[in-house]
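Return atomic coordinates for the entry below.
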Amino acid sequence: MKRHIGFLVFPGFDLLDLSGPLGVFQWAERQNPDAYQLTVMSLDGCAVASESPVSVNVNPLVHEPLDTLLVVGGSMGQGALSPEMIAYVRKASTLARRTTSVCTGAFILAAAGVLDGVSATTHWMNATDLQALHPAVRVEPDRIFIKADNVWTSAGITAGIDMALALVEEDLGREASLAIARMLVVYHRRSGGQQQFSSLLGLDPDSDRIRLVLAYVRNHIADPLPVERLAEVAHLSARQFGRAFLAATGVTPAKAIERLRAEAARPRIEQGRESLDAIARSVGFNDVSRMRQSFIRIFGHPPQAIRRVSRSL
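Below is the predicted model of the structure:
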């Protein structure tokens with residue numbers, strides 16, 4: 001029996017939040033015609049305008065039990081958070097095997113009570129608002145996607161593809177998901193626990209000296225990196241360098257290096273193929289204890305916990 005996936009859209013929805021996951025399931029359907037039935041639907045069943053200058057033809061709401069309800073994100077106006085929308089999501093989620101959201105679609109699930117007491121994520125720019133509006137939700141802003149029993153939420157934009165690949169993997173197996181990722185020319189797949197973005201790897205300070213230092217740190221992450229050595233790279237005294245770095249980045253050199261090392265270590269920890277000791281030494285922490293302390297400060301969890309979560313996804 002085909003698994004019926006219902007994609008719920010509304011006026012002002014984000015086109016990529018729909019097309020990314022929909023594309024994944026369409027490729028799965030091509031590989032296995034008996035796998036899925038796909039329905040894009042809205043409250044009135046009429047064409048729906050997205051945030052982009054594109055409208056999408058849709059179907060009326062599906063009222064029989066869905067296998068998976070997927071709520072896309074977009075502009076959270078009245079169309080998204082109307083009483084009719086919230087009532088439908090609340091009822092449909094009780095009947096569906098899985099309830100999922102992409103990006104700000106989490107706000108609709110939260111308004112319907114689906115995320116009460118549940119760990120969830122959304123686009124990092126909207127995470128603070130989601131937590132403030134719905135304190136019963138355990139918002140984790142640093143995740144690509146989260147599976148909490150039968151409720152899945154993902155971060156913004158392309159993260160919906162990662163979540164959809166994980167859903168296909170759960171349904172059809174790893175090889176099917178991998179084949180789809182190859183066809184879409186995307187990674188198979190970023191783990192749910194992976195960070196949405198790196199606050200320091202993306203730094204682009206105005207100062208050429210500081211940009212040079214950051215490049216040096218990334219290329220020598222495993223080496224000892226005392227302030228004196230970094231000051232030499234910047235052609236400044238240690239005191240001048242410390243002040244210039246703080247002014248350009250908002251953090252001290254020591255904090256920046258700690259964060260860069262943690263961010264370099266985390267994906268390797270999630271992959272689970274190397275020992276924690278080997279990873280710690282290769283990124284400059286020298287030992288697991290120091291890496292553990294940094295992970296708790298930066299990510300709120302020790303490396304072992306992050307690895308366990310990644311393996312469970």
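
Just the buried residues of stretch 134-151, please?
By 16 or more other C-beta atoms under 10 Å, the buried positions in stretch 134-151 come out as His134, Val137, Val139, Glu140, Pro141, Asp142, Arg143, Ile144, Phe145, Ile146, Lys147, Val151. Just so you know, the C-beta spots here come from the backbone N, C-alpha and C atoms, and that holds for glycine as well.

of these, closest to Val71?
Of all the buried residues of stretch 134-151, Val151 has the smallest distance to Val71: 11.0 Å, by C-beta to C-beta.

the strands in the protein, which residues?
For the chain, applying DSSP state E gives strands covering 3-8, 36-41, 48-49, 55-56, 68-71, 98-102, 119-120, 138-139, 145-148, 151-154.

could those be laid out in TSV, adding mean pLDDT and distance to Arg30?
Formatted as TSV, the strands of the chain follow (pLDDT from 0 to 100; distance: least, C-beta to C-beta, whole Å):
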stretch	mean pLDDT	distance to Arg30
strand 3-8	98	14
strand 36-41	98	10
strand 48-49	96	25
strand 55-56	95	20
strand 68-71	98	18
strand 98-102	98	21
strand 119-120	94	31
strand 138-139	92	36
strand 145-148	92	23
strand 151-154	97	23
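
For Ala265, which of those is the nearest?
It is, among the strands of the chain and with distance given as C-beta to C-beta, strand 145-148, at 21.0 Å.

List of residues touching that closest one?
By C-beta atoms under 8 Å, 6 or more residues apart in numbering, the surrounding residues in contact with strand 145-148 are 118-121, 140, 152-155, 159, 162-163, 166, 192, 313.

now do stretch 223-231
Residues from elsewhere that reach stretch 223-231 (C-beta under 8 Å, 6+ apart): 213, 216-217, 237-238, 240-242, 245, 253-254, 257, 284.

Which of those are buried? Put it as a ChimeraX command.
Buried subset of the contacts of stretch 223-231, written as a ChimeraX selection, criterion 16+ other C-beta under 10 Å:
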select :213,216,217,238,241,242,245,253,257,284
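
Mind checking which of the contacts of stretch 223-231 land in helices?
Here DSSP state H is the test, and those give Val213, Tyr216, Val217, Ala238, Gln240, Phe241, Gly242, Phe245, Pro253, Ala254, Ile257 as lying in helices.

for the stretch 51-200 of the chain, which spans come out with low pLDDT?
187-200 (pLDDT under 70).

For Ala238, see how far away Ala248 is.
Ala248 sits 16 Å away from Ala238, going by C-beta to C-beta, to the nearest Å.

Tell me the one of the buried residues of stretch 134-151 nearest Val89?
Set against Val89, the nearest of the buried residues of stretch 134-151 by C-beta to C-beta is Val151 (11.7 Å).
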